[in-house]
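# sequence first, then the predicted structure:
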Amino acid sequence: MAFRFRNSIRIAPGIRLNLGKRGVSVSAGVRGATVTAGSKGVYGNLGLPGTGLSYRTRLDKSVNQRKRAEQEEKRQNRLERQQVALENNPDLAELTLDLDEKGNLLLSTANGAPLANEERRKLLLNFNAEIQEWLEEQMEIINGDIDLLVNPHLDILTPDTTSLRHQIEPFPEPHPEQPKFAEAPKAPVKPNAPELTWKDKIIPGRKAKILTEWQAQVKAWQEAYQAWEAEKARLETEQAEPRAAYQAELTAWRERKQVHDIEQRELADTFADRLKSDTQVMTEVLKAELNALDWARETLIDFELDESGKYLKLDVDLPEIATFPTQEARMGVRDLRLVITDKSTTQIHREYARHVHGVVLRLISTAFHTLPNLEELIVSGYSQCLNSATGQIESNYLFSAGVKRAVFAGINFHNLKEVDPVIALERFELVRNMSTTGTFGPIKPLG
């Protein structure tokens, strides 16, 4: 299906924040971000292509986002422990762990033969923790990222605008390196006239000898001083051109830096106003904020702001229901095993409905939270499905909602666990053809 709106963004699935032993980082989905972490949260400095701007934003805005980052860190630590266990116990590499369709643990040798009962008992006894972690990993694979799939609305933000501010960029050119010049030797010190004692004056020849030695020292000093002046003049002549060139380079660098610093201060001073009036800045900031969200599935969004920046139209390509988990797993209570059950068609459809409505609520909240001048938006969700009559894959709109900021603000953002995203969307102007079991029919979108 062709895009209806001129701005599009493809958001990669995954968790954005990475918490590790080497510090905090972000995934490749957050383009051009530098990250800082402190007691007040994790912040990123994000560049805005085509604007010359960058801004500072919090990357762990919601409690759930921070929890997912911590869970991802636990997954990474678990993987490291598994690697260590294999390194310390090479024989484990010759074993295969698997599950049957009901979640029972299958242990076999490399050639596929089941382990003998005694070997199985020893393995379960000696590597209980490692097998437990492997089962947790398999459970996550079966369930998918259920938090992002079923409850994306738990990440929605209040429509109160965030305190985004321009991030002043340091001047990119390094300070010119001053050439190393040879230093002139220190000037020779003129010998002081001797102080004659009364003995020097009465002892025959002593005074004359002292004066003669002093005069010789003065003559030597005069010769050394002349040589020093000549060397000093030579060095000054030799260094005059490179010194002048460096000074000119330094002056030009300082002028460029001053221009850069003035521009950055002006950008910082006008950023808040541009976020309300410059639709290019508004567009790029919204793209950056959407990119920084955790997403369960690859998501394609196209949108367009009107010239005033007060009205937004937005389309989102929703995931197909076929990509949703058809089973759910939980840890066995007594034995090392999983309990795997098939989901009913109704459950899958209801989880899908909850997901797509939650995604849309999240997009609505991100738009209002990011753009202070935005008053109203229309968001429409579509998905691909097979037309049984033609055998062609078609894109059908599933629902479309017109939302005003004031109405959206009526949600209790402090009690999102009690919010049903399917019902929440009904508070707005809504076009939707959905059965009580979560099955959608095609609609014509608003706008």
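That came through, no problem. Numbers count the residues shown, from 1 in each chain.
# which stretches in this protein count as helices?
Secondary structure of the chain by DSSP state H: the helices cover 63-88, 117-126, 128-143, 146-150, 198-202, 206-277, 279-291, 345-370, 405-408, 421-424.
# select, out of these, the one closest to residue 397.
When the helices of the chain are ranked by distance to residue 397, counting by Cβ to Cβ, first place goes to helix 345-370 at 11.5 Å. The way it works is simple: take the backbone N, C-alpha and C, and place the C-beta from them, glycine included.
# of all the residues in the closest one, which ones are buried?
Buried positions in helix 345-370, judged by neighbour count with 16 or more other Cβ atoms under 10 Å: 348-370.
# tell me the mean pLDDT for that helix?
For helix 345-370, the mean per-residue pLDDT is 93.
# just want the angle from that helix to helix 206-277.
With axes from the mean of the first three to the mean of the last three Cα atoms, to 10 degrees applied, the angle from helix 345-370 to helix 206-277 works out at 120 degrees.
# could the helices of the chain go into a markdown table alongside distance to residue 326?
A markdown table is the format used below for the helices of the chain (distance: least, Cβ to Cβ, whole Å):
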| stretch | distance to residue 326 |
| --- | --- |
| helix 63-88 | 23 |
| helix 117-126 | 30 |
| helix 128-143 | 10 |
| helix 146-150 | 12 |
| helix 198-202 | 117 |
| helix 206-277 | 44 |
| helix 279-291 | 29 |
| helix 345-370 | 6 |
| helix 405-408 | 34 |
| helix 421-424 | 21 |
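# between these, which gets nearest to residue 10?
Here helix 279-291 is closest among those (Cβ to Cβ), at 9.5 Å.
# name the helices or strands packed onto that closest one?
If you count contacts as 3 or more Cβ pairs under 8 Å, 6 or more residues apart in numbering; DSSP states H and E, helix 279-291 packs onto strand 7-11, strand 41-48, strand 53-58, helix 206-277, strand 299-305, helix 345-370.
# how far off centre is it?
15 Å (Cα atoms, centre = their mean, to the nearest Å).
# so for that helix, what gets flagged as buried?
For helix 279-291, the neighbour count (16+ other Cβ under 10 Å) marks 279, 281-291 as buried.
# can you pick out the most distant pair from those residues?
279 and 291 (18.4 Å).
# the closest residue to residue 281 other than its chain neighbours: neighbour count?
Distances taken as Cβ to Cβ, 6 or more residues apart in numbering put residue 274 closest to residue 281, at 4.6 Å, once the chain neighbours are dropped. Neighbour count for residue 274, taken as other Cβ atoms under 10 Å: 17.
# please apply the same query to residue 292.
When neighbours are defined as other Cβ under 10 Å, residue 292 has 25 of them.
# follow-up on the earlier one: quick one: which of the helices of the chain is nearest residue 442?
helix 345-370 (14.1 Å).
# roughly how far is the closest one from the heart of the chain?
Distance of helix 345-370 from its chain centroid, counting by Cα atoms, centre = their mean, is 23 Å.
# picking that back up, which of the buried residues of helix 279-291 lies closest to residue 99?
Residue 99 lies nearest to residue 291 out of those, by Cβ to Cβ, at 36.2 Å.
# look up how far residue 154 lies from the closest one.
Separation of residue 291 from residue 154 (Cβ to Cβ, to the nearest Å): 20 Å.
# go on, residue 409?
Distance, residue 409 to residue 154, by Cβ to Cβ: 18 Å.
# neighbour-wise, which of the two wins?
More crowded of residue 409 and residue 154, by other Cβ under 10 Å: residue 154, with 20 against 12.
# that one and residue 145, how far apart?
Counting by Cβ to Cβ - residue 154 and residue 145 are separated by 13 Å.
# equivalent analysis for residue 282, please.
Separation of residue 282 from residue 145 (Cβ to Cβ) stands at 30 Å.
# equivalent analysis for residue 400, please.
From residue 400 to residue 145 the distance is 27 Å (Cβ to Cβ).
# and residue 237, by the same measure?
Plainly put, residue 237 is 73 Å away from residue 145 if you go by Cβ to Cβ.
# neighbour count: these two, which is higher?
Neighbours were counted for residue 237 and for residue 145 using other Cβ under 10 Å; residue 145 has more, 19 against 9.
# list the contacts for that one?
With contact set as Cβ atoms under 8 Å, 6 or more residues apart in numbering, residue 145 has these partners: residue 296.
# ok, back up a step: how about the helices of the chain, which one is nearest residue 192?
That would be helix 206-277 among those, by Cβ to Cβ, at 8.6 Å.
# mind giving me the packing neighbours of the closest one?
By 3+ Cβ pairs under 8 Å, 6+ apart, helix 206-277 packs against strand 53-58, strand 165-166, helix 198-202, helix 279-291.
# what is the burial count for the nearest residue to residue 408 once chain neighbours are set aside?
In space, and not counting its chain neighbours, residue 408 is closest to residue 159: 5.5 Å by Cβ to Cβ, 6+ apart. Using other Cβ under 10 Å, residue 159 is surrounded by 23 other residues.
# does residue 159 touch residue 370 like I think?
No: using Cβ atoms under 8 Å as the test, residue 159 is too far from residue 370 to be in contact (10.0 Å).
# show me the shaky parts of the chain.
Where the chain drops to pLDDT under 70, the residues are 1-2, 13-94, 147-148, 161-163, 165.
# what's the closest of the helices and strands packed on helix 206-277 to residue 209?
helix 198-202 (9.0 Å).
# can you pull the contacts of the residue nearest to residue 408?
Contacts of residue 159 were listed using Cβ under 8 Å, 6+ apart, and they are 365, 368-369, 405, 408-409.
# just the closest of the residues you listed to residue 429, please.
residue 408 (11.8 Å).
# what about that closest one, neighbour count?
Applying other Cβ under 10 Å, we find 22 residues neighbouring residue 408.
# before we move on, what about residue 422?
19.
# any idea how far residue 440 is from it?
11 Å.
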